[in-house]
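model the structure of this input:
(2 chains)
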Amino acid sequence: MGRVDVNGVSTHFQRLAARPSGGEPVPTVVFVHGLGYDSLASFYLTLAAPFAEHGIDVLTYDLRGHGRSARPATGYRVSDFVADLRGLLAELAEDRPVHVIGNSFGGTIAFSFAATHPERVSSVVAIEGEPATQPWADKMERTFGNVLDEARDPANIEWLERTYGKHHARLATAALRIIESTSIVADVPSGPLLGEQELRALHCPVMTVVGSDGFQRDDPYALQAVLPSCRTEVINDQDHSVLVERHHLLRYLLLNWVTEQEHLRWLGEVA
Amino acid sequence: MTTSEAIPAETALDDIRAMLLELLDEYGLEDGTEITRDTAFHEDLGLESIDLVALGSRLAERYGEHVNLAAFLAEMELDDVIGLRIGSLVDFVVHSTGRFRNRES
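Below is the predicted model of the structure:
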């Protein structure tokens, strides 16, 4: 466990060193979690250890306002999260390009990070995550509205507890807490947003993994039409919770992805 | 054949209990909670998955990096992690310390 000050925010991170350690430089993967009740635990408890066992250095961290990082009242635009990722890598002297793997909003951060710091990124994987476009911003505003309506009604929290157990009820309450105590609802959808031109200029290799019933169910392959290099995997009979519910499958897909990208780089096939 | 020198289960339970009480204390939730093998990490203690991460760090500090909670949990299904009981954590510590010592001897 570690803690470091990034852009004035005390940030909790976890590193898992590649095994066996020492020897040749190994690839680094940064796992970025999603919004609301999410934290680095989603990755730490699923993919982090298998990646380290596979000879990859792993870094994951709690976004500002989440998990065990500090919760400032303001500063929740996508650009703030991008600056935090940049700052964390600098603080940890991680100066080689990294594979950024984001879940949900973590994927959004990964896309914006790649757009603004292309030299820092080997590849992007977005699990149920989209770039910060106008349609994405509209969707986020609707989602925030729904979460607020549902979590503010005690009857809904009681229903969650009866139906899914205390654990889920607590998660909903935690999401409400960050929404009500920060500017996150107003900040997140303001981006800054990426236009089609910026997406077409995003040259790093991208893989998107989406659930057939997830947030991108209307058009799971949409990004392939606009990004220069994008592969999409659709997981059948799966909603938005791809990471926690299908992590064994993700482990296989993502380890293959990182290994393949490293080989292509070694062969000089990708920048 | 080597003799296992695993941490005794009672010691592991005592250590884990002390670590959990510290975590609960951080949240102001420590109110004389009884922690046994049957206690459920999430449901009974009110702790979250981020607290499992903190517990993992403490276990590694106490016993060494070979007690790798992240690797143990990564093999479990979501429902099993949500329903995790303290007894499973104790068994995991006993098993990992025993395996490591056998390998070293």
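
got the residue ranges for the strands in the stretch 1-150 of chain A?
A:2-6, A:9-16, A:28-32, A:57-61, A:98-103, A:121-127 (DSSP state E, counting those that start in this stretch).

of all those, which one comes closest to chain B?
strand A:9-16 (6.5 Å; C-beta to the nearest C-beta). Backbone N, C-alpha and C define where each C-beta goes, glycine included.

still on that earlier bit, tabulate the strands of the stretch 1-150 of chain A in TSV, adding columns for mean pLDDT.
As requested, the strands of the stretch 1-150 of chain A are arranged in TSV below (pLDDT from 0 to 100):
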stretch	mean pLDDT
strand A:2-6	96
strand A:9-16	96
strand A:28-32	98
strand A:57-61	97
strand A:98-103	98
strand A:121-127	98
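
can you give me the neighbour number for the residue nearest to A:Ser241 when sequence neighbours are not counted?
For A:Ser241, ignoring the flanking residues on the chain, the nearest one in space by C-beta to C-beta, 6 or more residues apart in numbering or on different chains is A:Gly211 at 7.6 Å. Number of residues near A:Gly211 (other C-beta atoms under 10 Å in any protein chain shown) recorded here: 22.

from memory A:Gly211 sits against A:Leu243, does it?
No - counting by C-beta atoms under 8 Å, A:Gly211 stays clear of A:Leu243, with 10.0 Å between them.

hey, what's in contact with both of the two?
A:Glu128 (C-beta atoms under 8 Å, 6 or more residues apart in numbering or on different chains).

element containing the residue located most distally from the centre of chain A?
Distance from the C-alpha centroid of chain A, by C-alpha atoms, centre = their mean, peaks at A:Ala155 (31.0 Å). Under the criterion of DSSP states H and E, A:Ala155 resides in helix A:154-164.

who touches the residue nearest to A:Ser241 in this structure?
Counting by C-beta under 8 Å, 6+ apart, A:Gly211 has contacts A:Glu128, A:Arg217, A:Val234, A:Ile235, A:Gln238, A:Asp239, A:His240, A:Ser241, A:Val242.

measure the second one to A:Ala169 for me?
With distances taken as C-beta to C-beta, to the nearest Å, A:Arg217 is found 26 Å from A:Ala169.

so the two - more neighbours on which side?
Counted by other C-beta under 10 Å, A:Arg217 and A:Ala169 do not tie: A:Ala169 has more neighbours, with 19 against 14.

confirm that the more buried one lies within a helix, as I assumed.
Yes - judged by DSSP: H, G, I helix; E, B strand; the rest coil, A:Ala169 forms part of a helix.

residue numbers of chain B in contact with chain A?
Chain B comes close to chain A at residues B:42-43, B:46, B:48-50, B:52-54, B:56-57, B:68, B:70-71, B:73-74, B:78, B:81-82, as judged by C-beta under 8 Å from any C-beta of the partner chain.

now stretch A:50-58: buried residues?
Using 16 or more other C-beta atoms under 10 Å in any protein chain shown as the test for burial, stretch A:50-58 gives A:Pro50, A:Phe51, A:Ala52, A:Glu53, A:His54, A:Gly55, A:Ile56, A:Asp57, A:Val58.

for A:Val98, what are its contacts?
A:Pro27, A:Thr28, A:Val29, A:Val30, A:Leu59, A:Leu89, A:Arg120, A:Val121, A:Ser122.

okay, the residues you listed in TSV with distance to A:Arg19 and neighbour count next?
Formatted as TSV, the contacts of A:Val98 follow (distance: C-beta to C-beta, whole Å; neighbours: other C-beta atoms under 10 Å in any protein chain shown):
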residue	distance to A:Arg19	neighbour count
A:Pro27	14	22
A:Thr28	14	22
A:Val29	14	28
A:Val30	18	26
A:Leu59	15	22
A:Leu89	22	21
A:Arg120	25	20
A:Val121	24	23
A:Ser122	20	22
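
closest to B:Arg62 out of those?
B:Arg62 lies nearest to A:Leu59 out of the contacts of A:Val98, by C-beta to C-beta, at 23.5 Å.

give the contact list for that closest one.
A:Leu59 touches A:Phe13, A:Gln14, A:Arg15, A:Thr28, A:Val29, A:Val30, A:Phe31, A:Leu88, A:Leu92, A:Glu94, A:Val98, counting by C-beta under 8 Å, 6+ apart.

if we can go back for a sec, adding distance to A:Tyr164, write the contacts of A:Val98 out as CSV.
Below are those laid out as CSV (distance: C-beta to C-beta, whole Å):
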residue, distance to A:Tyr164
A:Pro27, 37
A:Thr28, 36
A:Val29, 31
A:Val30, 31
A:Leu59, 32
A:Leu89, 37
A:Arg120, 39
A:Val121, 37
A:Ser122, 38
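
B:Val67 sits in which helix or strand?
Using DSSP H and E, no helix or strand contains B:Val67.

so it sits against B:Glu61, correct?
No - using C-beta under 8 Å, B:Val67 is not in contact with B:Glu61; the gap is 9.5 Å.
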